[in-house]
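>>> starting from these lines, generate the structure:
(one chain, ligands or ions: 1)
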Amino acid sequence: MKVIRTTNHQEMSKIAANIILDRIKSSSHITLGLATGGTPIQTYAYLAEDYLENQTSYQHVVTFNLDEYIGLPKDDPNSYHYYMHQHLFSKVNIPRDQTFIPNGLTEDLAAECETYEQKIQQYNGIDLQLLGLGKNGHIGFNEPGTPFDQHTHIVSLTRSTIQANARFFGTVEEVPKQAITMGIGSIMESKEILLLVSGKEKNQALNKLLHGRIDEQFPASILNNHENVTIIADEDAIMNTDI
Ligand SMILES: O=P(O)(O)OC[C@H]1O[C@](O)(CO)[C@@H](O)[C@@H]1O
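Here you go, the predicted structure:
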């Protein structure tokens, strides 16, 4: 894995945005895998800024989001549908029918998982997958213990993830307990992966990713087996790691 060390969150986000823009501009058709959470917000802001300044076109871009909570309506401010609209889709010229996010409100969740995975295949897989890193090593919503070969599936969120994400909700009780997520198998099939890691609270997780063993109890560890991963990490996240 290649590691790009940055001085702060802004620089990490700028470099990530520039890599995404480079891939968008250098292809006639591209499928992006997108992440949510706090980490990529500034990256999306830079993409929006670039669109205002340079009108980089997203007409040829297709996106698949990693995950969505089960039970939140699309217009709930904490849903990832809302998040993506707010931070990116409403800011660039991407055709809305080229943006895919799991539907966490459907009655047949198992069918939704299967269809989502098939749709990714129809677009020949993900060209560039953006990822954040959970404190417990989760990627997407793949919690510790998730089999490495699993594709899109339903997960029960761990206490640690619910607590970490409670900052976006009013109370811990309001955080949904389940989600649909692309699996680690789906993520590993991406042609290129960009992992963003920012802040002191990710320090231990980054250390474990870089120096620990590959273990289903630490989902991100599998990225060591992917041949095209770039980690962009800021100083706080890198502190005390042996890079
Ligand atoms: O960027 P954050 O908010 O620290 O979250 C890290 C990861 O956790 C998730 O928010 C899921 O809990 C992912 O979407 C994200 O990549």
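>>> what's in contact with the helix or strand hosting residue 161?
Assessed by DSSP states H and E, residue 161 sits inside helix 159-165. Outside helix 159-165, the residues that touch it by CB atoms under 8 Å, 6 or more residues apart in numbering are 37, 134-136, 138, 141, 143, 157, 172, 175, 177. The C-beta positions use only the backbone N, C-alpha and C, and glycine is treated the same way.
>>> what about the ligand: which of those residues touch it?
Filtering these for neighbours of the ligand using CB under 6 Å from any ligand atom leaves 37, 134, 141.
>>> mind listing what's buried in the helix-or-strand element of the chain with minimal mean pLDDT?
Within the chain, no helix or strand scores below helix 159-165, which has a mean of 93 by mean pLDDT, DSSP states H and E. Neighbour counts over helix 159-165 (16 or more other CB atoms under 10 Å) mark 161-162, 164-165 as buried.
>>> now, among the contacts of helix 159-165, which is nearest to the ligand?
residue 37 (2.8 Å; CB to the nearest ligand atom).
>>> name the nearest residue to the closest one, sequence neighbours excluded.
residue 132 (4.7 Å; CB to CB, 6 or more residues apart in numbering).
>>> give the full set of residues in contact with that neighbour.
Counting by CB under 8 Å, 6+ apart, residue 132 has contacts 35-40, 139, 195-197.
>>> repeat that for residue 157.
141, 143, 165, 175-179.
>>> just to revisit the earlier point, the very next helix or strand once past the least confident helix or strand of the chain vs the ligand: in contact?
Sequence-wise, the next helix or strand beyond helix 159-165 is strand 178-181, with elements assigned using DSSP H and E. No: contact of strand 178-181 with the ligand (CB under 6 Å from any ligand atom) is absent, the minimum separation being 7.9 Å.
>>> got the buried residues for the helix or strand where residue 114 lies?
When elements are assigned from DSSP H and E, residue 114 belongs to helix 109-122. Buried positions in helix 109-122, judged by neighbour count with 16+ other CB under 10 Å: 109, 112-113, 115-117, 120.
>>> and if you look at stretch 46-55?
Buried residues in stretch 46-55 (16+ other CB under 10 Å): 46-48, 50-51.
>>> what's the local residue count around the closest residue to residue 71 other than its chain neighbours?
Spatial nearest neighbour of residue 71, excluding adjacent residues (CB to CB, 6+ apart): residue 176 at 5.2 Å. By other CB atoms under 10 Å, the residues close to residue 176 number 18.
>>> again, but for residue 181
Residue 181: 29 neighbours (other CB under 10 Å).
>>> likewise for the one 3 residues further on?
Taking other CB under 10 Å as the criterion, the count of residues near residue 184 is 24.
>>> residues in contact with it?
Contacts of residue 184 by CB under 8 Å, 6+ apart are 139-140, 142, 146-150, 219, 222.
>>> now with 7 Å?
Residues counted as contacts of residue 184 (CB atoms under 7 Å, 6 or more residues apart in numbering) are 142, 146, 148, 150, 219, 222.
>>> closest one to the ligand out of these, please.
Of those, the one sitting nearest to the ligand (CB to the nearest ligand atom) turns out to be residue 142, at 9.3 Å.
>>> that closest one against residue 218, yeah?
No: the pair residue 142 and residue 218 fails to qualify as a contact (CB atoms under 7 Å) at a distance of 10.7 Å.
>>> perfect, I'm done here.
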